[in-house]
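J.: generate a structure from the sequence data that follows.
(one chain, ligands or ions: 2)
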Amino acid sequence: MSGGMKPIPHGTRNGYSHYGCRCDECSEANSEWRKAQRARWRAAGCAPGKAPPRSTAVPHGTISGYTYWNCRCEPCARAMRADTAKRQAANNAEALQKASRHGREWTVPEMEVASRADLTARQAAELLGRSVYSVQNMRVAMKRVDAPGGAGEAQEARQ
Ligand SMILES: [Zn+2]
Ligand SMILES: [Zn+2]
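T.: Ligands and ions are numbered 1, 2, ... in the order given. Predicted coordinates for the structure are as follows:
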């Protein structure tokens with residue numbers, strides 16, 4: 001664990017829960033996430049307000065089990081701990097990427113999530129583990145690609 005300076009990812013649930021930030025953006029992201037989580041639990045057949053039992057479709061022993069499903073069983077907690085160190089390194093890299101337009105390569109399923117109209121850029125970013133910034137960029141880029149004539153250089157067209 002190297003205690004480098006990490007920017008708080010405002011507007012994400014991570015900013016709220018992991019960094020303890022209580023700014024408007026982070027609080028909103030957190031309450032949105034909780035709402036979505038309750039829906040997920042309901043969809044998985046859990047008792048209202050209760051974490052998923054081991055018998056559900058929750059991928060136990062994965063980070064997704066811990067964060068996405070908020071499961072706190074031992075395998076999920078272990079997966080989360082293992083991932084935290086990796087993430088800290090990745091966060092530093094992402095902070096650098098934010099400064100430029102270059103990010104990790106996008107996969108097709110990721111682009112589909114990013115383009116979902118029922119998700120805000122923030123929600124999509126959280127699902128994808130990407131920055132809101134990169135999702136917004138991708139949304140703009142996909143609009144360009146949709147247009148016949150292809151994705152050229154294009155000027156900065158901000159709404
Ligand atoms: Zn914040
Ligand atoms: Zn679990």
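J.: quickly list the domain ranges of this structure.
T.: Annotated domains of the chain cover 8-43, 46-99, 103-149 [automatic domain parsing].
J.: ranges for the helices of this structure?
T.: Along the chain, the stretches classed as helices by DSSP state H are 13-17, 24-43, 63, 74-98, 108-115, 121-128, 132-146.
J.: what parts of this structure come near ligand 2?
T.: Counting by C-beta under 5 Å from the ion, the residues of the chain lying close to ligand 2 are 60, 65, 71, 73, 76. All C-beta spots, glycine's among them, are computed from the backbone N, C-alpha and C.
J.: let's see 6 Å
T.: 58, 60, 65, 71, 73, 75-76 (C-beta under 6 Å from the ion).
J.: among the residues you listed, which ones are buried?
T.: Those of the residues of the chain next to ligand 2 that meet the buried threshold are 58, 60, 65, 71, 73, 76, by 16 or more other C-beta atoms under 10 Å.
J.: how far away is the nearest residue to the third one once chain neighbours are set aside from Ser17?
T.: Spelled out, it's Gly65. Excluding the flanking residues, the one nearest Gly65 by C-beta to C-beta, 6 or more residues apart in numbering is Cys76, at 4.0 Å. Counting by C-beta to C-beta, to the nearest Å, the gap from Cys76 to Ser17 is 15 Å.
J.: try Lys86
T.: Separation of Lys86 from Ser17 (C-beta to C-beta) stands at 18 Å.
J.: with that, I have no additional questions.
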